[in-house]
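Novice: Below are the sequence and a predicted model for it; my questions follow.
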Protein chains: 2
Amino acid sequence: MEKISVKQLYRNAEQYINNDVTLSGWIRTERMSKTFGFIELNDGSFFKNIQVVFDDKLSNFNDLSKLSISSSITVEGKVVECQNAKQPFEIHATNIIVEGLSDSDYPLQKKRHSLEFLRTIAHLRPRSNTFSAVFKVRSLAAFAIHKFFQERGFVYVHSPIITGSDAEGAGEMFRLTTLDLQNLPKTEEGKIDFSQDFFGKEANLTVSGQLSGEAYAHAFKNVYTFGPTFRAENSNTARHAAEFWMIEPEMAFADLVDYMDVAEDMVKYIISYVMENAPEEMEFFNSFIDKDLFNRLNNVVNSEFVRITYTEAVELLKKSGEEFQYPVEWGIDLQTEHERYITEKIFKKPVFVTDYPKDIKAFYMRLNDDNKTVAAADLLVPGVGEIIGGSQREERLDVLEKKMDDMGLNKEDYWWYLELRKYGTTKHAGYGLGFERILMYITGMSNIRDVIPFPRTTGSAEF
Amino acid sequence: MEKISVKQLYRNAEQYINNDVTLSGWIRTERMSKTFGFIELNDGSFFKNIQVVFDDKLSNFNDLSKLSISSSITVEGKVVECQNAKQPFEIHATNIIVEGLSDSDYPLQKKRHSLEFLRTIAHLRPRSNTFSAVFKVRSLAAFAIHKFFQERGFVYVHSPIITGSDAEGAGEMFRLTTLDLQNLPKTEEGKIDFSQDFFGKEANLTVSGQLSGEAYAHAFKNVYTFGPTFRAENSNTARHAAEFWMIEPEMAFADLVDYMDVAEDMVKYIISYVMENAPEEMEFFNSFIDKDLFNRLNNVVNSEFVRITYTEAVELLKKSGEEFQYPVEWGIDLQTEHERYITEKIFKKPVFVTDYPKDIKAFYMRLNDDNKTVAAADLLVPGVGEIIGGSQREERLDVLEKKMDDMGLNKEDYWWYLELRKYGTTKHAGYGLGFERILMYITGMSNIRDVIPFPRTTGSAEF
């Protein structure tokens, strides 16, 4: 008897109708009469359940009637077409083997649970419809990203997680140590003696793989990172986690336009891939999480993204007559309210805003000829605001060094990064996509804790 | 003029012969005569260089004669077929634009460098032949792994990197903190007050995603993790790094045989994918790194892996007459010398050794009916020894709890792991593959530092 998955059954039903099959999975619901029983079985391979029908000819019929939700079973039976039923087919069981019972205090009983409650059972929540859909989409979106870049010849680089410098310079970092905190070794001056620590010096968790990416782009031309990054920021919001995954492509012989072209293609590719490969899950999100989801995603996939300069954006915001909480003036950092107004109200589609004032952007972004702006571009999307940030990188050693001096950075910490400009520097560009941010966008989930299997946030590292 | 990559040119030469193209890349070598010049150009997209020929009709001919290795240039010219030459075609340049010069102290001059030296310039070493090949293969092997599992419906799970418990129980961990080490807060009893730390308690870097994987396998049936893991072990060897990547598949409704079937398929798939997609790089390894490489890899791909029990393996070793440094007795943990003897001398192909004594294996491995062994299996391969370790997991709550008690583990730390056995437990199995270990196997590189872009080892976290 062929052992198959529920997905195989749904995707190739004609192949199995009237045949005997074996399926293993967990009971989602069970209804019993005196002589009949119905089980909705889910095996995790597919969003939908398969109905299993059995009767008292089964020798263990009485035991089966006592099974509770989430018990695991193996079913042998025939695939039968259904007329006039919600499901196109069902299994008429000839044998049901109980693999594992489920205690009656199983927390995921058949009723609506709050997302907050489900976070407290992060080990069980992927068995719920919502989180089954979220984490299936997470898996598919991750693969779509790899597929997109590999098809274009980009080399995947594992940038280091542990970093011996804080040269990445973005936000607060987690320190890493193997020293005995109860008994820290001290130098003669009374400072902590990190020379005795595991790496012989202070070490932190990475906040970005960009600098490594730039080094590798100068060998492979097109590269991308996809790995965890960390921020020890004390912000307890629905959009911040201490541990999240980032995608950071970096391209040599490329300018800001090249970056925008690739990023636009990538966003469309990820969305299309997920919609094509998880239609049932996406339907669920559109019905139960965000009724505007398909409109929003289709709009992104089918739009040509707008590209305007920061200066133009500021003019449009000022002319709009809208009262913003933060007044708009050339030179300010755009706030989420401004970003959303631009993409939702003015253009009603994704917008790249380019060429920001140099003073509000990072040291490595390329100075434009106007000496006032840098070749940066942020991608704003309706419903969220900024989803990607990137720039052309400063490839001119003298300009970069002056910028670092002006910003008070220690050039010695960046010796190898500066050497990339000494040995065959190139016009190059790159960007960062927060993986959870695009997942929230694709699923409609509004809290970052609900798109990460076991989220780590201020005060919380459970499981 | 079409902008193309060197890879496009090599893979679709007929399309470009006698056409004008534009290429950007870095100079690997340059030879000049009074009126002619030859440049070997590499653009990172392809292992091989393309030869660029130019003459003094170019207005900047004199400048070009001064270019040093690693300068970046853009070449416009015609693709011309070569007769009787090592390369099948070359570019006759009509214009060469210098993008970025390279200082004359460029450390990667055209000569053989030691791997040790190249580690000190980890930001430049991917520009060398050896490391260009290594990190291209690393990228392809990573994608092959995702492709293999996604094609089989496995869900990719990002298990957490930061862990609030040390329940994973394998080796020493890195502690993580945002406390001010110079000024650690103390409790009334004089202990460090971790309630004031970022997560409100002690936190460490993960050593394994297995337990998370098991939770998700009980929702999705088949899952895999692929992420960084950490060991704060003070072992300064060619095979240990403090930060490395692991693949940990986990399968519900699966036993030891199912794990071995998947692992065998996976190993063959990864090797085949890399050999097919990086033929030039693999040729390089076989010629310059390990002359036996192709023999070894082809043997793996074409063999049916042997499966023997630990007890049988011990008998074979004892009967072999070989003098081992560690004498062989039933109950010992097999050493690398034993593993290599089994796979290299006895069977000359990959071997799964199964059913190890329970006392030398982890608490979560399933106890066999003999009450002496567990359903574990390690995969041994010629040239290396163990490359994969895995087991069927103990799915019976009472047996698992007894094992934990016997081993002195604190069950409260594992409350959610134990709940997987309370709510629809299943026969399930999984394994761990060290990504760097299979990379060393595929490339023939013998030091783990040479298959990680920026390696982290005892005393070293440079770049």
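Specialist: Received the coordinates, thanks.

Novice: so what's A:G100 up against?
Specialist: Counting by CB atoms under 8 Å, 6 or more residues apart in numbering or on different chains, A:G100 touches A:71-72, B:395, B:421, B:424-426. The C-beta positions use only the backbone N, C-alpha and C, and glycine is treated the same way.

Novice: Give me the phi and psi for it.
Specialist: When quoted as degrees, to the nearest 10, the phi and psi of A:G100 stand at phi -150, psi 130.

Novice: now A:V21
Specialist: phi -140, psi 170.

Novice: Between its first and last residues, what's the separation in stretch A:406-418?
Specialist: Counting by CA to CA, to the nearest Å, the length from the leading to the trailing residue of stretch A:406-418 is 16 Å.

Novice: residues of it that come out buried?
Specialist: Within stretch A:406-418, the residues that qualify as buried by neighbour count (16 or more other CB atoms under 10 Å in any protein chain shown) are A:413-414, A:416-417.

Novice: just stretch A:257-276 next, same as before
Specialist: Within stretch A:257-276, the residues that qualify as buried by neighbour count (16+ other CB under 10 Å) are A:258-260, A:262-264, A:266-271, A:273-275.

Novice: avg pLDDT for that stretch?
Specialist: When pLDDT is averaged over stretch A:257-276, the result is 98.

Novice: C-alpha coordinates for that stretch, CSV please?
Specialist: Extracted C-alpha coordinates of stretch A:257-276, given in CSV (Å, rounded to 0.1, in the frame of the first residue of the first chain):
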residue,chain,number,x,y,z
VAL,A,257,20.0,52.2,-10.7
ASP,A,258,21.4,48.6,-10.9
TYR,A,259,20.6,48.1,-7.2
MET,A,260,17.0,49.4,-7.7
ASP,A,261,16.5,47.2,-10.8
VAL,A,262,17.6,44.1,-8.9
ALA,A,263,15.7,44.9,-5.7
GLU,A,264,12.5,45.6,-7.7
ASP,A,265,12.8,42.3,-9.5
MET,A,266,13.6,40.5,-6.2
VAL,A,267,10.5,41.8,-4.4
LYS,A,268,8.2,40.8,-7.3
TYR,A,269,9.9,37.4,-7.5
ILE,A,270,9.5,36.6,-3.8
ILE,A,271,5.8,37.5,-3.8
SER,A,272,5.1,35.7,-7.0
TYR,A,273,6.9,32.6,-5.9
VAL,A,274,5.0,32.4,-2.6
MET,A,275,1.6,33.1,-4.2
GLU,A,276,2.3,30.3,-6.7
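
Novice: So is it next to chain B?
Specialist: No: when contact is scored as CB under 8 Å from any CB of the partner chain, no part of stretch A:257-276 falls within range of chain B; the minimum is 10.3 Å.

Novice: again, but for stretch A:455-463
Specialist: Yes: residues of stretch A:455-463 contacting chain B under CB under 8 Å from any CB: A:456, A:458-463.

Novice: Is A:G432 part of a helix or strand, or is it coil?
Specialist: Taking DSSP: H, G, I helix; E, B strand; the rest coil as the rule, one finds A:G432 in the strand state.

Novice: check contacts around it.
Specialist: Applying CB under 8 Å, 6+ apart, the residues contacting A:G432 are A:208, A:210, A:246-248, A:388-390.

Novice: hmm, 10 Å instead?
Specialist: With CB atoms under 10 Å, 6 or more residues apart in numbering or on different chains as the criterion, the residues that contact A:G432 are A:170, A:208-210, A:213, A:225, A:229, A:246-250, A:388-391.

Novice: now the end-to-end length of stretch A:450-462.
Specialist: For stretch A:450-462, the separation between the terminal residues is 14 Å (CA to CA).

Novice: Could you do stretch A:314-329 as well?
Specialist: Between the opening and closing residues of stretch A:314-329 there is a gap of 7 Å (CA to CA).

Novice: Any figure for the gap between A:L115 and chain B?
Specialist: Taking CB to the nearest CB, to the nearest Å as the criterion, A:L115 is separated from chain B by 16 Å.
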